[in-house]
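Enquirer: What would the 3D arrangement of this be:
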Amino acid sequence: NPAGHTPAALNLGLRAARGRYVVRMDAHTRYRPDYVRAGIERLARGDVAHASGPQVAVGYDRGSRLTALALASRLGVGGATFRAAGAERDVDSGFLGAWRREDLEALGGWDERWVRNQDAELAARLRANGGRLVCIPEMAAEYRPRSSLRALGRQYRDYGRYRARTSVHHPATLRRSHLLPPALVLALPLALAPHRAALPARCAIAAYAVALATEGVRLDPRPATVAALAARWATMHLSWGAGFLTGLRRWS
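Expert: Down below sits the predicted model:
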């Protein structure tokens, strides 16, 4: 992979593939023994263009276990339905999964400009082409989340940047939930303004802090854990929001 980034590697694999199906299986992820079979059997029914499973975060040390716990909450999942287990459901995008090779080739594979969020960009083109995407519990996969706040912040900043790029190129993929993190980032400096116009921003920040604390107590009432969870949620939200704003500025 001379280019050194994920979508280039995926396209190298696609060009080398000879089978009818292509399955994406990333590192740092644990798969069920029947993961490939489940994806191919679902595609073989002919009514979907992409089959994937829930993304289940499993920690390996204290930091990553806290991140996994944060991701188990609605505050960590946001609008990403592919992170929820349960019955089969239609999704806008999926975590890894399986495709028919001919469908990928017809679309030109992954867009190599998307260093992050490349599956969401591909999903947008599949859906625009009439394809249906599903998340099935039989393809649930465990992955290792980031342990440190710094690494988590970098990861979510990149997610936000490329989510903005996807939204610019595929406006129909933008959801209201995508606007909340950048709104939070913009509210912070407004809340510091020394006049009454700052009151709505201050109220929004206060409500956000209460939501973090309430959800933290619900998951684990120990004060240290509540504080650690709040730090992870805030890191994810603010980094994602700042990245989204940066991405809009760059690619709009």
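
Enquirer: Show me the shaky parts of the stretch 51-200 of the chain.
Expert: Filtered on pLDDT under 70, the stretch 51-200 of the chain yields the residue ranges 78-85.

Enquirer: Would you map the helices across it?
Expert: Here the stretch 51-200 of the chain has its helices, by DSSP state H, counting those that start in this stretch, at 62-71, 74-77, 101-106, 118-128, 149-169, 176-191, 199-219.

Enquirer: Off-centre distance for the first one?
Expert: Between the centre of helix 62-71 and the centre of its chain there are 16 Å (CA atoms, centre = their mean, to the nearest Å).

Enquirer: can you list the residues that contact that helix?
Expert: 57-59, 76-77, 83, 144-148, 152, 219-220, 225, 228-229, 232-233, 236 (CB atoms under 8 Å, 6 or more residues apart in numbering). Where you see a C-beta, it was placed from the backbone N, CA and C, and this is true even at glycine.

Enquirer: ok, now with 6 Å
Expert: Contact partners of helix 62-71, identified using CB atoms under 6 Å, 6 or more residues apart in numbering, comprise 57-59, 76, 145-148, 219, 228-229, 232-233.

Enquirer: of all those, which two lie farthest apart?
Expert: Using CB to CB, the pair of these lying farthest apart is S148 and L219, separated by 20.1 Å.

Enquirer: more neighbours, these two?
Expert: L219 (16 against 12; other CB atoms under 10 Å).

Enquirer: Which helix runs longest in the chain?
Expert: When the chain is parsed with DSSP state H, its longest helix is helix 223-251.

Enquirer: for that one, packing partners?
Expert: Contact analysis of helix 223-251 by 3 or more CB pairs under 6 Å, 6 or more residues apart in numbering; DSSP states H and E lists helix 62-71, helix 149-169, helix 176-191, helix 199-219 as its packing neighbours.

Enquirer: For the first one, which residues meet the burial criterion?
Expert: The neighbour-count criterion (16 or more other CB atoms under 10 Å) identifies G63, S64, L66, T67, A68, L69, A70, L71 as the buried residues of helix 62-71.

Enquirer: what pLDDT does the nearest residue to L212 once chain neighbours are set aside get?
Expert: Excluding its sequence neighbours, the residue lying closest to L212 (CB to CB, 6 or more residues apart in numbering) is A230, at 4.2 Å. Listed pLDDT for A230 reads 98.
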